[in-house]
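Give me a 3D structure for the following:
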Amino acid sequence: MSKRNSRPISYITKVLKENGPLPTNAIYAAVKERWPRTCPTVKQLNNLLAGQSEFVDTGNTLPLDTKLSLANVGNGGYLVKIWRLRE
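Predicted structure coming up:
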């Protein structure tokens with residue numbers, strides 16, 4: 001783990017321990033609330049989560065704040081990954 005990412009990774013680990021599996025946008029909101037000016041982008045956050053062995057991708061889901069259905073995913077909707085800690 002690089003020194004640059006050690007604080008966000010330890011904070012994300014703490015958030016996932018407290019709340020259980022979370023989608024990427026919820027993790028991003030927690031990190032953004034903690035560090036509003038230096039928060040990594042969603043793309044950087046995904047790369048950070050995927051590159052660490054302590055985080056596991058458990059699948060995809062619709063964002064929590066959307067009213068779209070799975071039928072709309074091809075029509076402008078999108079899926080987000082759900083992350084959990086490795087046991």
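
Select the longest helix from the protein.
helix 6-19 (DSSP state H).

so where do the strands sit in the protein?
With strands called from DSSP state E, the chain shows them at 22-23, 55-61, 80-85.

Can you say which of the ones you listed is nearest to Pro8?
strand 55-61 (11.8 Å; CB to CB). C-beta here means a position set from N, CA and C on the backbone, and glycine is covered the same way.

circling back to that earlier point, from the strands of the chain, which stretch is densest packed?
strand 22-23 (a mean of 20; mean count of other CB atoms under 10 Å).

Within the sheet, what are the partner strands of it, with directions?
strand 80-85 (antiparallel) (DSSP bridges).

rank the strands of the chain by pLDDT, which is bottom?
Sorting those by mean pLDDT places strand 55-61 lowest, at a mean of 87.

Give the partner strands of that strand in its sheet and their orientations.
strand 80-85 (antiparallel).

Can you check what angle separates the strand it pairs with from helix 6-19?
90 degrees (axes from the mean of the first three to the mean of the last three CA atoms, to 10 degrees).

who touches strand 80-85?
With contacts defined as CB atoms under 8 Å, 6 or more residues apart in numbering, strand 80-85 is touched by 13, 16-17, 20-25, 27, 46, 49, 54-63.

so how far is it from its chain's centroid?
Put simply, strand 80-85 sits 6 Å off its chain's centre (CA atoms, centre = their mean, to the nearest Å).

picking that back up, list the buried residues in the longest helix of the chain.
For helix 6-19, burial by neighbour count (16 or more other CB atoms under 10 Å) applies to 8-9, 12, 15-16.

The residues you listed into JSON lines, with extra columns for distance to Thr38 and pLDDT?
Shown next, in JSON lines, are the buried residues of helix 6-19 (distance: CB to CB, whole Å; pLDDT from 0 to 100):
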{"residue": "Pro8", "distance to Thr38": "9", "pLDDT": "90"}
{"residue": "Ile9", "distance to Thr38": "14", "pLDDT": "92"}
{"residue": "Ile12", "distance to Thr38": "14", "pLDDT": "95"}
{"residue": "Val15", "distance to Thr38": "17", "pLDDT": "96"}
{"residue": "Leu16", "distance to Thr38": "20", "pLDDT": "95"}
